[in-house]
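**Student:** Next one to model:
(chains A and B)
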Amino acid sequence: MSASFRDRLGLEARIAGPAALITTLAAPAAGALLLAILDATGKPPADLDRTAGDIVGALCPLGVAIAASSIVGRDRGAELVMTTPASYRRVLFLRAGLVFVLGAAATFIIAGACYALGGWPSGQGAAGLIMLWAPPMAWLTALGLLVAVTMRSPAAASGLVGGIWLAQVLLGHDMKHNAVLRGQYLFITLADGFPGRDVAITQTALLAAGVTAAAATGLLLARPERLLAGDAS
Amino acid sequence: MTAILGRPAAPAVRHRWQERMLGAARYEYLMQVRRPAVWLVVLALTGLRASRPWPASLSISGTALRPLVGDWAIDFMMLAPIGVGVVLADRGRRESQLGLGDLLGSVPNGPGSRWWGKAAGATAATLTPVACAWAVLLGYLATQRGAAVIPAGIAAFAAVILPGMLFVAAMSLAVPLLIGAPLYRLGLIGYWFWGNLVGPRYGIPTLSGTPLEAIGEYPSGAWFGGQMFDAADKGIHATTADAALSIAVLLAAALAALAITHLVLSKLAERSMS
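**Tutor:** The predicted structure follows:
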């Protein structure tokens, strides 16, 4: 990595803001703390295993999605950047990518620690170190960015992403047992009793939906001036 | 000079505190109620929850009227408070983010009346789509069960929905000043899930099922005969005193959050003037 690219990443991280970076790290940190407390208070191993899966596969993806959508509209220099040859679409994706990579790395570390210490959901092998969290994280983050750019509002993005996340938790039973809805069920990897083929199909569908939402965001950012009248936070 | 020219003197601008607060509240209300995000988020989350009422055995025709309204109010509270909190979280820092702090500090309206005006106006505006959504749901129930639904629904709004919403609104205005909107939004969703929806049966210490929960289970159970889903895990069926205590705790916590923020903002304003 060249020094100039490193400087650029540091600059973009500062513009993304400490709030976004702290938010993306908050879920893994809070999850690790919760697991340590549960372990110290003598909770049964089955509870610890299930909680580890919930933190890695559900909480961490939500934190990254909210953090990534918060970067939209907070750049006071956006109008200035748009007057230069630099592509604002590339700038915004770089910032969102930074937040995503940071959150993904932190999630991978906590997943690896749980796996190494034996506190890992039953039925999840080493593949779960990635596949437990990557599809829902990609889906939620891309959806959050798409809503934030479309509505010019991180508040709308956070509200819809958080609401859909919680609705999928509440309506999980219905989603799991509906052949159509199961394709977009975020927590399929954590669900018991599904054949590997069904899980793989859902994981692929989630990743495909995430890529589609990211592509739609890219198309909207072909006219970045649509962001100029957005909310400030 | 005005006396020499024979003109009447301009009236001194000496508005009382309440008038300044109401002026700020009116402006905050209009700003917030015109945000598309406020309507979109609250109505989308209500629609999402209404698509599949809980519990599955809840039947519009086969459940007594008051328990039915109480259970619908709890259903309503499962997702809608998240929408309210998320869209209020950026209100507190708005002026400072726009660089308007010095300008606002130069006008007669002090930080106290601005803060309480913001709290009242922004909260009322964010609860406008909440009230509209509840009215639509009540209208639907009334077509199925008759006009007796309306008074029960209004009572459920006041006793089950409003205390929790006011608690979430106050926290969403005050806490983001300290930790920023994105982290607060994540924390709110985590708190709502942990403290209101994850019952004691999941093996994690939680506020669910205690009078400290904000979802309204205690008033619903005590006054409407609604299901006590998490409190029942603890062997509790709420009495009138329990429900009143639950509401009092929520309102006191909301008032304390706003009052502490008022004190801090006033101190900061004094320090910046000195």
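
**Student:** Residue A:54 contacts residue A:186, correct?
**Tutor:** No: assessed by Cβ atoms under 8 Å, residue A:54 is found out of contact with residue A:186, at 11.7 Å. Glycine gets a C-beta too; all of them are placed from N, C-alpha and C.

**Student:** who has more neighbours, these two?
**Tutor:** Counted by other Cβ atoms under 10 Å in any protein chain shown, residue A:54 and residue A:186 do not tie: residue A:186 has more neighbours, with 23 against 20.

**Student:** I'd like the next helix or strand past the strand or helix carrying residue A:148.
**Tutor:** Assigned by DSSP states H and E, residue A:148 belongs to helix A:134-151. For helix A:134-151, the succeeding helix or strand toward the C-terminus, using DSSP H and E, is helix A:154-170.

**Student:** I'd like to know which elements that following helix is packed against.
**Tutor:** If you count contacts as 3 or more Cβ pairs under 8 Å, 6 or more residues apart in numbering or on different chains; DSSP states H and E, helix A:154-170 packs onto helix A:60-69, helix A:134-151, helix B:36-50, helix B:65-88, helix B:181-192.

**Student:** Could I get the CA-only coordinates of that helix as CSV?
**Tutor:** The C-alpha trace of helix A:154-170 is given here as CSV (Å, rounded to 0.1, in the frame of the first residue of the first chain):
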residue,chain,number,x,y,z
PRO,A,154,-29.3,8.4,7.0
ALA,A,155,-32.2,8.6,9.5
ALA,A,156,-34.6,6.9,7.0
ALA,A,157,-31.9,4.3,6.2
SER,A,158,-31.2,3.5,9.9
GLY,A,159,-34.9,3.3,10.7
LEU,A,160,-35.8,1.0,7.8
VAL,A,161,-32.7,-1.2,8.2
GLY,A,162,-33.3,-1.5,11.9
GLY,A,163,-37.0,-2.1,11.5
ILE,A,164,-36.5,-4.8,8.9
TRP,A,165,-33.8,-6.4,11.0
LEU,A,166,-36.1,-6.5,14.0
ALA,A,167,-39.1,-7.6,12.0
GLN,A,168,-37.1,-10.5,10.6
VAL,A,169,-36.2,-11.5,14.2
LEU,A,170,-39.9,-11.3,15.2
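
**Student:** List the buried residues of that helix.
**Tutor:** A:154-170 (16 or more other Cβ atoms under 10 Å in any protein chain shown).

**Student:** What angle do helix B:36-50 and that helix make with each other?
**Tutor:** 10 degrees (axes from the mean of the first three to the mean of the last three Cα atoms, to 10 degrees).

**Student:** is stretch B:30-46 anywhere near chain A?
**Tutor:** Yes: with Cβ under 8 Å from any Cβ of the partner chain as the measure, stretch B:30-46 is seen reaching chain A through B:35-37, B:40-41, B:44-45.

**Student:** could you dump the residues you listed to TSV with pLDDT, neighbour count and distance to residue B:215?
**Tutor:** Shown next, in TSV, are the residues of stretch B:30-46 next to chain A (pLDDT from 0 to 100; neighbours: other Cβ atoms under 10 Å in any protein chain shown; distance: Cβ to Cβ, whole Å):
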residue	pLDDT	neighbour count	distance to residue B:215
B:35	94	20	25
B:36	93	11	27
B:37	93	24	23
B:40	94	20	23
B:41	94	31	18
B:44	93	18	19
B:45	93	28	14
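
**Student:** Would you map the strands across chain A?
**Tutor:** Using DSSP state E, no strands are found in chain A.

**Student:** Not counting its neighbours along the chain, what's nearest residue A:145?
**Tutor:** Of all residues not flanking residue A:145 in the chain, residue A:217 sits nearest, at 4.9 Å (Cβ to Cβ, 6 or more residues apart in numbering or on different chains).

**Student:** burial of the nearest residue to residue A:27 once chain neighbours are set aside, as a residue count?
**Tutor:** Spatial nearest neighbour of residue A:27, excluding adjacent residues (Cβ to Cβ, 6+ apart): residue A:63 at 3.2 Å. When neighbours are counted by other Cβ under 10 Å, residue A:63 registers 32.

**Student:** Also residue B:260?
**Tutor:** Residue B:260 has 11 neighbours, counted by other Cβ under 10 Å.

**Student:** Secondary structure element for it, which one?
**Tutor:** Going by DSSP H and E, residue B:260 is in helix B:240-273.

**Student:** So which elements touch that helix?
**Tutor:** For helix B:240-273, the packing partners by 3+ Cβ pairs under 8 Å, 6+ apart are helix B:101-105, helix B:111-145, helix B:162-174, helix B:217-224.

**Student:** Would you mind listing what in the stretch 151-274 of chain B touches chain A?
**Tutor:** B:180-183, B:185-190, B:192-193, B:197, B:203-204.
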